[in-house]
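Q: Kindly return the folded structure for what I paste below:
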Amino acid sequence: MTDPQGRLVAVVGPSGVGKDSLLALAREAFADRPELLFVRRTITRPATGDAEAHLPMSREEFDRAEAEGAFAFCWRAHGLGYGLPAALGDHLQAGRPAVVNGSRKVLAKMAERFPGLAVISITASPEVLARRLSARGRESASEIADRIARASEPLPVEPAAIIDNSGTLADAGRQMVAAIHGLTT
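A: Predicted structure coming up:
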C-alpha cells in the first residue's frame, strides 16, 4: 500500500498525559461513525486495567506474527513490541479513516508508510505529568524525570493539532473530538 485513501490519525504524547482517557472519550463520541476505526494495538505486555485496552502477546508470538505479515506497521519502544493490525491497510485503502495511539519515536516512518498521516499531540505541564506518573507507581523518580525530559523534545512530524490535557479531561476531550472530526471528515 503506497497511497492510502483514508486518513490515519496518530495520537501521541508522553506517558501519563492521558491519551488512553482521551481516546476512550473520542471512541464514545464517534460511536455513530462506523467508518471511523479506532485501532486496537497489539503490545507485548499483559493486559491490565490501568493501561490501554490492547491485544496482549508474548514476544515470541509477536515476532512470529510480524514474520507472518499480521501487522500493517509495527515498532519496538521501551522494551515492548507494538503492532497495528494488517486489516488497517485494507480499511484505509477502502477510503475510510482511522485513529491510532501512536509513538513519537516512529512518526517519521509512520508518515512514510501512511501518506497523509495527521498527528494529534497531547501535552500536559511537567508538574501534571510528574504527579500522574508518580501516582501510577510504575517508574522510579529518575525514570519519571527522563520521560518528562523527552516530552519536551520536538516531534519529527508537524502535528495537525496540539491538545493540552493539564486541565479537565472534559475540556481536553472536547478538543480531541473536534480535532478528530476536522481531520476525518
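Q: For this protein, which helix or strand comes out least confident on mean pLDDT?
A: None of the helices or strands of the chain scores lower by mean pLDDT, DSSP states H and E than helix 141-151, at a mean of 89.
Q: Contacts for that one next, please.
A: Contacts to helix 141-151, defined as CB atoms under 8 Å, 6 or more residues apart in numbering, come from residues 13-17, 104, 123, 126, 129-130, 133-134, 139. Every C-beta, even on glycine, is put in place using the N, C-alpha and C of the backbone.
Q: Which positions in that helix come out as buried?
A: Neighbour counts over helix 141-151 (16 or more other CB atoms under 10 Å) mark 144, 147-148, 151 as buried.
Q: all strands of the chain, in order?
A: For the chain, applying DSSP state E gives strands covering 8-12, 37-38, 42-43, 55-56, 71-77, 80-85, 98-101, 118-123, 161-164.
Q: what packs against the third one?
A: Which is strand 42-43. strand 55-56, strand 80-85 (3 or more CB pairs under 8 Å, 6 or more residues apart in numbering; DSSP states H and E).
Q: Could you rerun that using 6 Å?
A: strand 80-85 (3 or more CB pairs under 6 Å, 6 or more residues apart in numbering; DSSP states H and E).
Q: Enumerate the positions of the strand it packs on that are buried.
A: 81-85.
Q: I'd like those as JSON lines, with distance to residue 37 and pLDDT appended.
A: Below are the buried residues of strand 80-85 laid out as JSON lines (distance: CB to CB, whole Å; pLDDT from 0 to 100):
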{"residue": "81", "distance to residue 37": "21", "pLDDT": "96"}
{"residue": "82", "distance to residue 37": "17", "pLDDT": "97"}
{"residue": "83", "distance to residue 37": "15", "pLDDT": "97"}
{"residue": "84", "distance to residue 37": "11", "pLDDT": "98"}
{"residue": "85", "distance to residue 37": "10", "pLDDT": "97"}
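Q: Dump the residues you listed to TSV, plus distance to residue 179.
A: Shown next, in TSV, are the buried residues of strand 80-85 (distance: CB to CB, whole Å):
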residue	distance to residue 179
81	28
82	22
83	25
84	20
85	24
